[in-house]
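Peer 1: Got a predicted structure plus its sequence, pasted below:
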Amino acid sequence: MELPPRRNFEEVNDMAKLTIPEDELMRPGHMGCLGCGATQAMRFVLKAAGRKTILSIPACCWAVMPGVWPNTCLEVPELYTPFETTGASISGIKAALEVLGKDDVNVIGFAGDGGTADIGLQALSGVADRNDDVLYIMYDNEAYMNTGIQRSGSTPIGAWTTTTPVGTTQAWEKSPKKSVADIMIAHRIPYVATASAAYPEDLIRKVNKALSIKGTKFIQIFAPCPTGWKMDPGLTVKIGKEAISSRAFSLYEVEGGAIKINMKPKKTPLKEYLFKQGRFKHMPDYLINELESDLDSKWEELLFKEECSQKMLKKK
Amino acid sequence: MPMTIDEIPPTPMNTQDSRVVKTGGWRAFKPICDNSKCIKCWTCWKFCPDVAIAIGEEGPIYDYDHCKGCGICANECPVKCIEMIPENK
Ligand SMILES: Cc1ncc(C[n+]2csc(CCOP(=O)(O)OP(=O)(O)O)c2C)c(N)n1
Ligand code: SF4
Ligand code: SF4
Ligand SMILES: [Mg+2]
């Protein structure tokens, strides 16, 4: 089939000042929903990683998004791997490349929050333990979206999902969002970062940095899901930014045990962030207040950790 | 049991460019840019989840075969020169 030329590339205006790389390694025609944050995340990660990259993707929305066989929206090779095995699969790919004597290929695992915080956690812990030279990316849409919105360990308190129904049952998510980044920091791997699809420049810088470091690297990318969050698909970027300013999610990076917070925007009310999304619309005021003070103290904790890191770095 | 890489049977591979799939058919609202107001900051291009915006001389060039009409470009445009028009109009 005759395809039109890649217009993005051919018509690039030399005068244009772009803040992210112009090369597109993710094609149009993918199966992601309207306004999907996870597709933005992939686009940005590939812009940073470049063509010499092999991806490993487990069961998740991104296993479906490249397209129905024989189609693919990815310009780099990708291995479909069972749900719980992303960590092991990237170790294997890296080992195979070593046997072939290829040391200039980026090996990236790209898994959802369910595939990372829950079922893939032990494989991820294994790869971190071996400190294999790979990058693991968790795109965090805060539930099992591909199978129809079930709660995961990464679902925040108060959220509606099909397994945490609201209404008369009031069985909304009760346990706090599991911090996989903290789990990875505890593994003492060389680089751990959180990023957001709403801040591509920061995200791309982090992927570049991770790929320049030897050993296991982990990046958690906050990726709004209009379908699962019951929100306007046009608000993906706005909500992504409000997640940071309301302290629902924070952007930081940890290198050599020292933490650096990358963004400290003026605080916006949590309620404004929550009520743009149908999944939080039922939340009573007392719950929102409780959650807000929880998130505020988590933020204070983060600031304190950063201060300690600064002192530690000065001592070195 | 296969012993060498050549003995392993070929696995199905996805090799066809996904652009054969015209996701533009999903669209309910169509983004239209007023190029006279465009400041060429390329925020729309940066955030489009469907890679459906090209950087043109006068402003964004839309790939309506693939744009799904999410509205992110219109919402993020700092000078609000992109309008979302209902498809049935
Ligand atoms: C062992 C196993 N259990 C269950 C499934 C079904 N399954 C496929 S995708 C998925 C949800 C993935 O959720 P997440 O990792 O958060 O990615 P998302 O779909 O949200 O992008 C599930 C439960 C599976 N493929 N394999
Ligand atoms: S369900 Fe959510 S994460 Fe999955 S493709 Fe749709 S918007 Fe993206
Ligand atoms: S409406 Fe959405 S899919 Fe269409 S060009 Fe704008 S950002 Fe891209
Ligand atoms: Mg998920």
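Peer 2: Received, thanks. Ligands and ions are numbered 1, 2, ... in the order given.

Peer 1: Pull the host helix or strand of residue A:137 out as PDB, backbone CA atoms only.
Peer 2: Taking DSSP states H and E as the definition, residue A:137 sits inside strand A:135-140. The C-alpha atoms that make up strand A:135-140 are tabulated as PDB, following Å, rounded to 0.1, in the frame of the first residue of the first chain:
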ATOM      1  CA  LEU A 135      16.100   1.200  31.500                       C
ATOM      2  CA  TYR A 136      12.700   0.300  33.000                       C
ATOM      3  CA  ILE A 137       9.900   2.700  32.300                       C
ATOM      4  CA  MET A 138       6.600   2.500  34.200                       C
ATOM      5  CA  TYR A 139       3.900   4.600  32.600                       C
ATOM      6  CA  ASP A 140       1.500   5.300  35.400                       C
END
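
Peer 1: centre of the chain versus the following helix or strand past it, how much separation?
Peer 2: Once the chain leaves strand A:135-140, the next helix or strand it forms, by DSSP H and E, is helix A:180-186. Put simply, helix A:180-186 sits 14 Å off its chain's centre (CA atoms, centre = their mean, to the nearest Å).

Peer 1: so for the following helix or strand past helix A:180-186, what's the average pLDDT?
Peer 2: Counting by DSSP H and E, the next helix or strand C-terminal to helix A:180-186 is strand A:191-196. What strand A:191-196 shows for mean pLDDT is 98.

Peer 1: repeat for stretch A:228-239
Peer 2: Stretch A:228-239 comes out at a mean pLDDT of 98.

Peer 1: Could you do stretch B:55-63 as well?
Peer 2: Mean per-residue pLDDT for stretch B:55-63: 92.

Peer 1: Straight-line length of that stretch, end to end?
Peer 2: For stretch B:55-63, the first-to-last residue distance is 11 Å (CA to CA, to the nearest Å).

Peer 1: got the buried residues for that stretch?
Peer 2: B:55-56, B:59-63 (16 or more other CB atoms under 10 Å in any protein chain shown). (C-beta placed from N, C-alpha, C; glycine too.)

Peer 1: ok, now stretch B:71-88?
Peer 2: Neighbour-count burial for stretch B:71-88 [16+ other CB under 10 Å]: B:71-77, B:81-82, B:84.

Peer 1: can you tell if stretch A:218-232 touches chain B?
Peer 2: Yes. Residues of stretch A:218-232 are located near chain B by CB under 8 Å from any CB of the partner chain, namely A:226, A:232.
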